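*Asks:* Have a look at this prediction, sequence included:
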Amino acid sequence: MTDLPDRPELTIPLTASALAALTFETYPPAPQIDGVWVQALKKNRSENGAFMEYLRLDDAGVQGLPGQLTPRQISVSWAAAGRINAFHIHVKGEQNEIWCVLSGRLVIWLVDCRAGSSTQGVKRKLVLSGEQPMLVHIPSGVAHGYQAGETGATLLYTMDAQFNANDPNEGRLPWDHFGAELWAEDRG
């Protein structure tokens, strides 16, 4: 057994070079951002294909979600393979969004930029996929951006404000504003 300071006791002996480079993975809970929530969707598969409910609506807005949202516009975006589209932020007025990836994969970063928020400055990474669809609520003032996977992605998103081409509520921050390392490839 090998016992080194700052490392757990090892039962399997390693070479000196492997031992010098050895680290251990940790699995801390995902950082939380006020107003951000995630809800899994059920994709019903059969030999004929698949079916999934996206949102159920009534007069008060979307039913059965952890938070309130009254849809005013539903849009679709097709992301080219590998594309980084970052960072957007909606601050001219309220524009809360629910995102859902229908096909492909997106790595999403959310950063709370709201002054005075209890989670100000918190960064959260999510991976959304068409294989296991889920909803993500992104509140106004939380910067958001994505990187598409190797086959691209189709993103369906619902907003509680309509897009105005004459006065777009589309604030932009540089893609690397929170650190270029956010978009670096994870090599294990």
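*Replies:* Perfect, I can see it now.

*Asks:* So what touches the helix or strand bottoming out on mean pLDDT in the chain?
*Replies:* Lowest by mean pLDDT, DSSP states H and E among the helices and strands of the chain is strand 61-62, with a mean of 88. Here strand 61-62 makes contact (CB atoms under 8 Å, 6 or more residues apart in numbering) with 55-56, 68-71, 98, 158, 160. Every residue, glycine included, has its C-beta placed from N, CA and C.

*Asks:* Equivalent analysis for stretch 64-73, please.
*Replies:* Counting by CB under 8 Å, 6+ apart, 35, 37, 39, 55-57, 60-62, 96, 98, 135, 137, 158-163 sit against stretch 64-73.

*Asks:* Could you tell me the end-to-end distance of it?
*Replies:* 19 Å (CA to CA, to the nearest Å).

*Asks:* Render the CA-only coordinates of the longest strand along the chain in PDB, please.
*Replies:* Longest strand in the chain by number of residues (criterion: DSSP state E): strand 142-159. Extracted C-alpha coordinates of strand 142-159, given in PDB (Å, rounded to 0.1, in the frame of the first residue of the first chain):
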ATOM      1  CA  VAL A 142     -28.300  35.600 -16.200                       C
ATOM      2  CA  ALA A 143     -25.800  35.500 -19.100                       C
ATOM      3  CA  HIS A 144     -26.100  32.500 -21.200                       C
ATOM      4  CA  GLY A 145     -24.200  30.900 -24.100                       C
ATOM      5  CA  TYR A 146     -23.700  27.600 -25.700                       C
ATOM      6  CA  GLN A 147     -21.300  25.400 -27.700                       C
ATOM      7  CA  ALA A 148     -22.900  22.900 -30.100                       C
ATOM      8  CA  GLY A 149     -21.600  19.300 -30.200                       C
ATOM      9  CA  GLU A 150     -20.100  17.600 -33.300                       C
ATOM     10  CA  THR A 151     -23.400  17.100 -35.000                       C
ATOM     11  CA  GLY A 152     -24.800  20.500 -34.200                       C
ATOM     12  CA  ALA A 153     -28.100  21.000 -32.300                       C
ATOM     13  CA  THR A 154     -31.700  22.100 -32.600                       C
ATOM     14  CA  LEU A 155     -32.800  24.400 -29.800                       C
ATOM     15  CA  LEU A 156     -36.400  25.100 -29.000                       C
ATOM     16  CA  TYR A 157     -36.900  28.000 -26.700                       C
ATOM     17  CA  THR A 158     -39.900  29.800 -25.200                       C
ATOM     18  CA  MET A 159     -39.800  33.400 -24.100                       C
END
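
*Asks:* Fine, thanks again, bye for now.
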